[in-house]
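Engineer: Just need the structure, nothing else, for what follows:
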Amino acid sequence: MIIGKQAPKLKAGDEIRILSPSRSLSIVSEKNRLIAQQKLEQLGFTVSFSQHVLESDDFTSSSIESRVADLHEAFADPKVKGILTAIGGYNANQLLAHLDYELIGAHPKRLCGYSDITALSHAIYAKTGLITYAGPHFLTFGMQQGNEYTTAYFQRMMLEEGSIQIQSSPEWSDDTWYLDQDQRIFHRNVGPYAIHEGEAYGTIVGGNLCTLNLLQGTPYMPSLEGTILLVEDDYESSPATFDRDLQSLLHQPGFDQVRGIIIGRFQQASHMTEKLLRQIISSKKELASIPVIADADFGHTTPQFTYPIGGKASIRARNGMIDLEICE
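Structural biologist: Numbering: from 1, shown residues only. Modelled structure (predicted):
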């Protein structure tokens, strides 16, 4: 089992570098880019952008060389304390064989992002032991309404000491906010529910499930032994594909040592329901003896809490009550 090492906590005045290891920042409107930058500056950070952050090709991404160079430069620059990914996409795993993990491990930074960034964050953790973070992209900070929860948990994880008790957000959204900031749709959040009750403590691994599964059988897949798995999927998933992807993860070496699973809220387009998810989980004997929690505040709906990949989590689900605590 890798022993996680963490970069120093961020503080007011620290520089956060924005880079595009997946899709290009150029697909984000200039208006939303400016809102995101101003929000981070209001939080006390200095914002800088990598050289190729706006480069874009036929896949609305950029060359492997450009993305690797930006990542290496961000880790090597002593002024940079944190790294935020611009947005997700499909191709961050192209970078993994080209990264200088000795450089990254020797200059620890707080790298944060989600979705396709799951491949990059877990590869760095697996190869260096450096704790990385599943949480907002740079674009996420461009959201003007309904982002207080996301911002608060990002600040708690990145700036404050001590463990974090995760509370449910009062409401959630699954709308295309980046197309229209004024016409938003919010839903009351009833909170997570337990499919299997129980208690567990372990090392956090996980993020976007279909992206995490790209690492299976490679040197970039962290050990599952002694872990609490956090998994979620996006609008391109369905109950059937989530079942298949989860089953693939269950087949991995060390899964018998997984101590608990937390599932993030599904997007509405996935057509997942509580009934179907319970059927999927109940069909898997590997999960019968561990706690399984669903509808937690992370994934592709908003808002989301930030969590450390390689950090620690404890779950307690008894008599309809759920407690989730996270620490580095």
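
Engineer: got the contact list for residue 210?
Structural biologist: Counting by C-beta atoms under 8 Å, 6 or more residues apart in numbering, residue 210 touches 233, 236-237, 241, 245. Where you see a C-beta, it was placed from the backbone N, CA and C, and this is true even at glycine.

Engineer: how about 10 Å then?
Structural biologist: Contacts for residue 210 (C-beta atoms under 10 Å, 6 or more residues apart in numbering) come out as 115-116, 118, 231-234, 236-237, 241-242, 244-245, 248.

Engineer: Now intersect those with the helices, please.
Structural biologist: Among these, the members found in helices (DSSP state H) are 118, 241-242, 244-245, 248.

Engineer: And the furthest pair within these?
Structural biologist: Using C-beta to C-beta, the pair of those lying farthest apart is 118 and 244, separated by 17.4 Å.

Engineer: What segments of the stretch 1-150 of the chain are strands?
Structural biologist: For the stretch 1-150 of the chain, the strands defined by DSSP state E, counting those that start in this stretch cover 15-19, 46-49, 80-85, 110-113, 132-134.

Engineer: which stretch among the ones you listed comes nearest residue 165?
Structural biologist: Smallest distance to residue 165 across the strands of the stretch 1-150 of the chain (C-beta to C-beta): 17.8 Å, for strand 132-134.

Engineer: For the contacts of residue 210, which ChimeraX command selects only the ones that are buried?
Structural biologist: The buried residues among the contacts of residue 210 can be selected in ChimeraX (16 or more other C-beta atoms under 10 Å) with this line:
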select :115,116,118,231,232,233,234,237,242,245
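
Engineer: would JSON lines of the contacts of residue 210 with pLDDT and distance to residue 218 be doable?
Structural biologist: What follows is the contacts of residue 210, written out as JSON lines (pLDDT from 0 to 100; distance: C-beta to C-beta, whole Å):
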{"residue": "115", "pLDDT": "98", "distance to residue 218": "19"}
{"residue": "116", "pLDDT": "98", "distance to residue 218": "16"}
{"residue": "118", "pLDDT": "98", "distance to residue 218": "13"}
{"residue": "231", "pLDDT": "98", "distance to residue 218": "18"}
{"residue": "232", "pLDDT": "98", "distance to residue 218": "21"}
{"residue": "233", "pLDDT": "96", "distance to residue 218": "20"}
{"residue": "234", "pLDDT": "95", "distance to residue 218": "22"}
{"residue": "236", "pLDDT": "93", "distance to residue 218": "22"}
{"residue": "237", "pLDDT": "95", "distance to residue 218": "22"}
{"residue": "241", "pLDDT": "98", "distance to residue 218": "21"}
{"residue": "242", "pLDDT": "98", "distance to residue 218": "22"}
{"residue": "244", "pLDDT": "98", "distance to residue 218": "19"}
{"residue": "245", "pLDDT": "98", "distance to residue 218": "16"}
{"residue": "248", "pLDDT": "98", "distance to residue 218": "14"}
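
Engineer: can you tell me which of the contacts of residue 210 lies nearest to residue 71?
Structural biologist: Relative to residue 71, and with distances defined as C-beta to C-beta, the nearest of these is residue 116, at 14.1 Å.

Engineer: got the contact list for the closest one?
Structural biologist: Counting by C-beta under 10 Å, 6+ apart, residue 116 makes contact with 21-23, 85, 87-93, 207-208, 210-211, 214, 234.

Engineer: One more: residue 11?
Structural biologist: Listed by C-beta under 10 Å, 6+ apart, the contact set of residue 11 reads 44-45, 81, 158-159.

Engineer: can you rerun that using 8 Å?
Structural biologist: Applying C-beta under 8 Å, 6+ apart to residue 11 gives the contacts 44, 159.

Engineer: What ranges does the stretch 151-300 of the chain have for its strands?
Structural biologist: Counting by DSSP E, counting those that start in this stretch, the segments of the stretch 151-300 of the chain that form strands are 164-165, 171-172, 187-188, 193-196, 198-205, 227-231, 260-264, 292-296.
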